[in-house]
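1. for reference, the sequence and a predicted model appear below.
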Amino acid sequence: MRRLAFCLVFWVFAGLAWPVVAAELIMLEQPGCPWCARFNEEIAPAYAKTQEGRRAPLRRVDITRSWPADLDFVARERFTPTFVLVEGGRELGRIRGYPGDEFFWYLLGDLIAKLDETVDE
């Protein structure tokens, strides 16, 4: 019985140590999109390893498929790629199109700064 209690306590505290992902960067994409392919070559391989990627993990949504129910608050888009920063059930901003690697990081930095603004509220 003690062993079971210890295991339960361990898993509860271990769960508290794991960070909760509140923000996501939603990438709206579709098959055959050349700018999506360019993003996939230039940014996607490193994104999860960056500070921005840890702060707002990338989640891909194919706009030609059914819309995810948990993203009903996000306005749908026909232009791809579109990057939508969401947190706590609300949209904080978006980047329409892929402007190239350097400008993308600049624009993303502006979006990520909005996460800090929501923490200060």
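-> Sure, I can see it.
2. helices of this structure, start to end?
-> With DSSP state H as the definition, the chain shows helices at residue ranges 2-17, 34-42, 44-47, 51-55, 101-120.
3. could I get the shortest one in PDB with only the CA atoms?
-> This means helix 44-47. Extracted in PDB, the C-alpha atoms of helix 44-47 (Å, rounded to 0.1, in the frame of the first residue of the first chain):
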ATOM      1  CA  ALA A  44      10.200  23.900 -39.700                       C
ATOM      2  CA  PRO A  45      13.200  21.700 -39.100                       C
ATOM      3  CA  ALA A  46      14.500  24.100 -36.400                       C
ATOM      4  CA  TYR A  47      11.300  25.700 -35.100                       C
END
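4. mind listing residues that contact it?
-> Helix 44-47 has contacts (Cβ atoms under 8 Å, 6 or more residues apart in numbering) with Gly53, Leu58. For glycine as for every other residue, the C-beta is placed from the backbone atoms N, C-alpha and C.
5. tell me the mean pLDDT for that helix?
-> Summarised as a single mean, pLDDT over helix 44-47 is 97.
6. and what of stretch 84-92?
-> Across stretch 84-92, pLDDT averages out at 96.
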